[in-house]
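Take this sequence and fold it.
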Amino acid sequence: MERPGNLHILHIEDDEVDAELIRQTLLRSGLGCRITLAMSRSAYLDALQKGGVDLILSDNRGYDFDGLEVLRSVRRHHPDIPFLFLSGSFEGKDLKRLKAEGAADCLLKTDLDALAPAIGRALEATPPPAGDHYLRGLERLVAAAQQLPLARDQQALVKLVCGAARALVGADGVTLSLREGEFCHVVGEDSDTPLWQGQRFPLEQTASGWAMLNREIAVIEDIHTDPRVPQAFLRGSVMKSAVVAPIRTGEPVGVIVAYWRSRHRPCDEELKLLQALAELVSASFENLQRQAAAEQQLREKSRDLEAVNKELESFSYSVSHDLRGPLRSVTGFGKLLAKDYDDKLDEAGKTFLAYVTDGTQRIAMLVDALLDLSRVSRFPLKKESLDLSAMAGSVLEGLREKQPKRRCEVRIEPGLQAEADPQLMRIVLENLLGNAWKFTAKRAECRIEFGRTGEGGREAFFVRDNGAGFEMAYADKLFTPFQRQHRQDEFEGAGVGLAAVQRILQRHGGRVWAEAVEGEGASFFFTVADAGHP
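Prediction:
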């Protein structure tokens, strides 16, 4: 990937002779680069703070820095910058670990001829930062929104929220505090070295209290000079910057605090994502409180939790619905930009815009899938006698019409009947047969079957194919929303179809399970009303 303008390389190296040799090598490579040399920890932190770095080249060890520590920090705060190691030597275990942590390449100083090609590969493999970072943030927010309703207790919810917030803004640590009268209680922390887990502080003495009392987000670039942070509170602290987002801005019940060990200010998009997560958390805490009350009522009066589950599904639906507006805006303005300014964009600009458009469409697909999944659980159930054989034939005929040139052997057992909701059962067959059709696309001799079996004493319908299959070790993830067994570039899809199938069959009193061999095909079995287990 070509980068516009002069390539800016940050070179982290504490040996002046090696630094000059590498500089001369790069200048003679034809890259047209500008090199900033950082010979200490403070120097490379300052360079990153100033921004504009396109690529980082680092020694594995220096007199006051460790290469792995540098890599981890860069991955958290600057995930779009490619990172290469250039060192005098590596141990085998070091190489494996550095690449696992995100290093684009690890080169020896004795092989400088390989440096320029390695930089080219790293730049080619790294997506452009324009728009893509925000889209990944939206993806994480959508994923968190889907998972929040599944948290069954406060501990699980707090752990999920802290991890999601840390990923959204690339923080060194995140805490979640709840208001308890005139105090704030730190109920959770996600950090390599936790600072305040479990502690309570007066509202008037913390930035967390300030954000709750003033009902607004607090951006603290330097905690040592910000009047909202009492200096006595910071004694011995390594924190330098922080952002405090109130949970429920109307009447805050707590705060999410993201903090950094070096001077840092998140961009406006990251602040919006963090505040959006905080608003989602508010509804989740409210749902948890209602769920706890319902469970207590169940123990006392033997009532079920159906109402609470419906509220959780409603929450998931509402979150997905509310995300569609911003996505429409991004998509719409992207189209206007492509239409009205096409002649003003260079090739790089058009490429960046294509990444933004494709990424937005992918997130919109995920949001639509999440909405569909919510509707499946909310759809009224109306059972009637169904001819599943005829319904399966209709579904497969629709698939053939979309790809008339495909040749596939189809076997449908006649006379298969079931008592079920016709609309929901059609969704089941469309997903199962649609998957069989999709995952056999690369077979020269495609084969799909729909029938009934009593094998092993288990009476069940089945859909069987000779397609891509999957590893049975991951079978438990098949019916979890957004869990995919194949890459998006291999087989398209949002990863919610099987989750919808499972929910529909459970509502009918049935179940679904799968058997497969990777590369040889898969069989999905299901019952519509069942009292046993496979």
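
residue nearest the centroid of the protein?
R140 (3.7 Å; CA atoms, centre = their mean).

Could you look up the SS state of that residue?
Following DSSP: H, G, I helix; E, B strand; the rest coil, we place R140 in the helix state.

can you tell me how far the closest residue to D342 other than its chain neighbours sits from L138?
What sits nearest to D342 in space, not counting adjacent residues and going by CB to CB, 6 or more residues apart in numbering, is K350, at 7.5 Å. (Glycine included, C-beta is placed from N, CA and C.) Applying CB to CB, to the nearest Å, the value for K350 to L138 is 22 Å.

of the two, who's got more company?
L138 (24 against 13; other CB atoms under 10 Å).

where does the stretch 51-200 of the chain have low pLDDT?
For the stretch 51-200 of the chain, applying pLDDT under 70 flags the ranges 92-93, 126-134.

residue ranges of the helices in it, please?
67-77, 92-100, 115-125, 132-147, 154-169 (DSSP state H, counting those that start in this stretch).

any chance of those in CSV, plus distance to A43?
Converted to CSV, the helices of the stretch 51-200 of the chain look like this (distance: least, CB to CB, whole Å):
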stretch, distance to A43
helix 67-77, 12
helix 92-100, 21
helix 115-125, 21
helix 132-147, 25
helix 154-169, 25
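
between those helices, which gets nearest to D18?
helix 115-125 (12.2 Å; CB to CB).

what does that closest one rub up against?
1-3, 7, 9, 22, 25-26, 29-31, 54-55, 57, 82-84, 86, 104-105, 107 (CB atoms under 8 Å, 6 or more residues apart in numbering).

what about the residue lying farthest from the centre of the chain, helix or strand, and which?
Of all residues in the chain, G415 has its C-alpha farthest from the mean position, at 44.0 Å, by CA atoms, centre = their mean. Assigned by DSSP states H and E, G415 belongs to no helix or strand.

Could you tell me which residues make contact with the residue nearest to the centre of the chain?
Contacts of R140 (CB under 8 Å, 6+ apart): A164, A167, L168, L273.

go again using 6 Å as the cut-off
Residues counted as contacts of R140 (CB atoms under 6 Å, 6 or more residues apart in numbering) are A167, L168.

Report the secondary structure state of R443.
Going by three-state DSSP: R443 is coil.

So A245 lies in a strand, does it not?
Yes - counting by three-state DSSP, A245 is part of a strand.

Tell me where the model's unsure across the chain.
1-6, 92-93, 126-134, 232-237, 292-324, 362, 364-379, 455-458, 481-495, 530-534.

now the strands for the stretch 301-450 of the chain?
For the stretch 301-450 of the chain, the strands defined by DSSP state E, counting those that start in this stretch cover 384-387, 408-412, 417-420, 446-453.

so which of those strands gets nearest A114?
Comparing these under CB to CB, the one sitting nearest is strand 446-453, at 45.2 Å.

circling back to that earlier point, would you turn the strands of the stretch 301-450 of the chain into a markdown table with distance to R261?
Shown next, in a markdown table, are the strands of the stretch 301-450 of the chain (distance: least, CB to CB, whole Å):
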| stretch | distance to R261 |
| --- | --- |
| strand 384-387 | 61 |
| strand 408-412 | 58 |
| strand 417-420 | 57 |
| strand 446-453 | 56 |
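
mind checking which of these is nearest Y44?
strand 446-453 (55.4 Å).

who wins for proximity to A516 among the helices of the stretch 51-200 of the chain?
Taking these one by one with CB to CB, helix 132-147 is closest: 25.2 Å.

tilt between that closest one and helix 154-169?
170 degrees (axes from the mean of the first three to the mean of the last three CA atoms, to 10 degrees).

Quick one: neighbours of I247, just the number.
By other CB under 10 Å, neighbour count at I247 equals 27.

Mind checking the helices of the stretch 51-200 of the chain for the one nearest to T440?
Across these, closest to T440 is helix 132-147 (CB to CB), at 29.1 Å.
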